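Student: curious how this folds, go ahead:
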Amino acid sequence: MGRYRPPRKPASKYITPQGKVRLEEELRYLWKVKRPLVTQSVSEAAAQGDRSENAEYIYGKKQLREIDSRVRFLSKRLDDMVEVDRIPEDHKKVFFGAWVELEDEEGNLKQFRIVGPDEFDVKRGFVSMDSPLAQALLNKTQGDDISVQGPNGIMAYYLSRVQYAPFD
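Tutor: Numbers count the residues shown, from 1 in each chain. A predicted model of the protein is given here:
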């Protein structure tokens, strides 16, 4: 079997103002704070002599590659982002940035916010708009039934509430 993997579908380019600030802060931290510290430690390790067996030097170079890779990714990603800073006109439909409350078949309530793929955080209830759940929710209105293909089969939900919080 070959190693070929089909290219991934590109991630959505939408982001909330809070998410954009978080990514910009990460980029600034990596470029202005962490990279200079790691560069300094690598140069100190290099001054010790033989680099081929110098674990600090080898590990530092690896760290620099990882930092540079993340900086390149963040720089390109932030250039292509579309910041969504307005609430949609129709408050009854589910769009990007909506807080939704779902009721499962047992009557359990779950609350989620639909955000960009760079912001998803399960602990905070943030779901990527590219996820199957968010795709099933988009353009639905309060009172609709939703079914989502999950890892354990099809899950059915009732959309009990749609609300929007202002973007800060």
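Student: residue 104 - nearest residue in space that isn't next to it in sequence?
Tutor: residue 157 (5.8 Å; Cβ to Cβ, 6 or more residues apart in numbering). C-betas here are computed from N, CA, C, even on glycine.
Student: what strand or helix carries the one you found?
Tutor: strand 153-164 (DSSP states H and E).
Student: next, the buried residues of that strand.
Tutor: By 16 or more other Cβ atoms under 10 Å, the buried positions in strand 153-164 come out as 155, 157-159, 162, 164.
Student: pick the one among these closest to residue 20.
Tutor: residue 164 (18.0 Å; Cβ to Cβ).
Student: quick one, helices of this structure?
Tutor: Listed in chain order, the helices found in the chain under DSSP state H are 17-28, 35-46, 55-80, 132-137.
Student: so what does the shortest one touch, helix or strand wise?
Tutor: When contacts are defined as 3 or more Cβ pairs under 8 Å, 6 or more residues apart in numbering; DSSP states H and E, helix 132-137 sits against strand 109-115, strand 126-128, strand 145-150.
Student: hmm, back to that, for the residue nearest to residue 104, give its distance to residue 95.
Tutor: 18 Å (Cβ to Cβ, to the nearest Å).
Student: can you pull the contacts of the residue lying closest to residue 165 once chain neighbours are set aside?
Tutor: In this structure, residue 165 finds its nearest non-sequential neighbour in residue 99, 6.4 Å apart by Cβ to Cβ, 6+ apart. Each residue near residue 99 by Cβ atoms under 8 Å, 6 or more residues apart in numbering is listed here: 111-113, 161-165.
Student: ok, those vs residue 46, which is closest?
Tutor: Nearest to residue 46 among the contacts of residue 99 is residue 113, at 46.8 Å by Cβ to Cβ.
Student: how much space between the closest one and residue 152?
Tutor: Residue 113 sits 24 Å away from residue 152 when distances are taken as Cβ to Cβ.
Student: so which of the two has more stuff around it?
Tutor: Taking other Cβ atoms under 10 Å, residue 113 and residue 152 do not tie; residue 113 has more neighbours (21 against 6).
Student: the more buried one reaches residue 127, doesn't it?
Tutor: Yes: between residue 113 and residue 127 there is a contact at 6.9 Å, judged by Cβ atoms under 8 Å.
Student: which strands or helices does the helix or strand of the chain with the lowest mean pLDDT pack on?
Tutor: None of the helices or strands of the chain scores lower by mean pLDDT, DSSP states H and E than strand 145-150, at a mean of 90. Packed against strand 145-150 by the contact rule (3+ Cβ pairs under 8 Å, 6+ apart) you find helix 132-137, strand 153-164.
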